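Participant: Please work out how this folds:
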Amino acid sequence: MLSATGEHPTEALVNSAHKALLKKQVPDWPTAGAEQAWYPSLATFLNNCVDACHDALGSNSAAARGSPPRFYDRLKFIVYDKITVDGVDGAAQVKPDLVGGLDLVPDERVAWSPQNPLIKQVLLPVEVKSDWAPMVNQAATYARCLFSASPSRQFAAVLGFRHTKSELRFLVFHRGGLTGSQSLSVNDEHGQKDTLCVLLSILNWRSPEDAGFLKFCNDFEVSLFRHKDDEGGVVARVVEVLHDGLCVQGRASRVLLVSYPTGGGKEPEPCIPVLGPTVRARKRPGTETQTKQGDVEIRTLFHHRCM
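Facilitator: Presented below is the predicted three-dimensional model:
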């Protein structure tokens with residue numbers, strides 16, 4: 001599940017991660033009380049699993065040799081339980097129970113689509129509930145926030161934890177609906193190994209495409225071919241979002257007005273947009289691109305569907 005190559009981590013790698021996990025501090029799981037009582041223990045467990053996976057992946061030097069850096073190499077989970085900095089399309093802010101992101105520290109404020117470089121982005125939200133049905137409903141709201149922040153992404157992952165049974169589920173929302181893992185007990189060896197197996201896949205992502213982002217579009221720029229013989233292509237910037245069918249399940253049609261300068265009749269240099277978890281393309285004061293004198297700016301429509 002969530003493997004970039006379609007292959008599961010090897011049994012030896014999972015066993016290595018589990019061996020490392022057993023050396024970590026065991027979370028002090030509560031036995032009763034409100035769902036908030038489970039937040040600290042769950043954050044400890046998830047961070048222990050992440051650290052154990054890093055230990056296993058780091059020891060697998062033969063596989064890592066010559067590979068690019070891991071995309072979520074600095075993933076950390078923190079107890080959040082407060083509203084995020086931003087909402088979605090004017091809606092009220094939501095309040096994830098825990099969040100996963102890069103280099104997060106306790107009490108840090110996060111956003112789905114940060115406009116301030118000092119605010120970090122939510123990558124893997126976590127919801128805690130007593131039963132799966134209301135949890136999936138809330139997880140879909142988080143997935144909608146992730147899709148809103150990066151409209152071109154192909155899937156969004158949310159973690160769900162049923163505290164009444166101490167079970168974890170990985171919920172992957174995509175344009176066809178929802179794919180979820182089985183319920184994974186955090187207290188027995190089988191459930192721990194299955195949890196590590198999924199996290200090993202996530203932590204072994206080495207490109208934005210592995211994490212569900214498009215290779216040719218970062219929501220601010222689009223790499224386009226202008227005609228059938230255009231081998232290099234050109235990077236066009238997004239001028240305006242004309243239509244945005246934001247949804248969790250569906251085609252999510254998105255129509256963009258894009259443009260690129262021709263450089264005074266010369267062929268533009270082919271290049272690839274900078275990829276990564278993006279923030280939503282929007283017009284902001286002072287961000288307009290000025291076309292140099294003598295350049296010709298070509299504008300065209302780009303229709304993107306996620307299915």
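
Participant: can you count the residues close to the nearest residue to residue 71 once chain neighbours are set aside?
Facilitator: The shortest distance from residue 71 to any residue other than its chain neighbours is 4.2 Å, reached at residue 205 (CB to CB, 6 or more residues apart in numbering). C-beta here means a position set from N, CA and C on the backbone, and glycine is covered the same way. Residues lying near residue 205 (other CB atoms under 10 Å) number 18.

Participant: pLDDT wise, what is residue 205 at?
Facilitator: On the pLDDT scale, residue 205 is placed at 90.

Participant: the strands in the stretch 1-150 of the chain, which residues?
Facilitator: 75-79, 98-102, 110-111, 120-121, 124-129 (DSSP state E, counting those that start in this stretch).

Participant: quick one: the first one to chain centroid distance?
Facilitator: What that stands for is strand 75-79. 14 Å (CA atoms, centre = their mean, to the nearest Å).

Participant: Can you tell me the strand partners of it and which way each runs?
Facilitator: When sheet partners are counted by DSSP bridges, strand 75-79 sits next to strand 98-102 (antiparallel).

Participant: Pull out the buried residues from the partner strand.
Facilitator: 98-101 (16 or more other CB atoms under 10 Å).

Participant: Equivalent analysis for stretch 229-246, please.
Facilitator: Buried residues in stretch 229-246 (16+ other CB under 10 Å): 233-239, 241, 244.

Participant: circling back: which stretch among the strands of the stretch 1-150 of the chain is buried most, on average?
Facilitator: Mean neighbours per residue, mean count of other CB atoms under 10 Å, is largest over those for strand 124-129, with a mean of 24.

Participant: what's the angle between that strand and strand 98-102?
Facilitator: 170 degrees (axes from the mean of the first three to the mean of the last three CA atoms, to 10 degrees).

Participant: contacting residues around strand 124-129?
Facilitator: Applying CB atoms under 8 Å, 6 or more residues apart in numbering, the external contacts of strand 124-129 come out as 35, 38-39, 42, 46, 75, 77, 96-101, 135, 138-139, 142, 145-146, 157-163, 202.

Participant: cool, stretch 76-83 as well?
Facilitator: So stretch 76-83 is contacted by 36, 39-40, 43, 46-47, 50, 92-110, 124, 126 (CB under 8 Å, 6+ apart).

Participant: Quick one: end-to-end length of it, please.
Facilitator: Start and end residues of stretch 76-83 are separated by 19 Å (CA to CA, to the nearest Å).

Participant: who's in contact with residue 211?
Facilitator: Going by CB under 8 Å, 6+ apart, the list of residues near residue 211 reads 71-72, 153, 205, 277.

Participant: Fine by me, we can end here.
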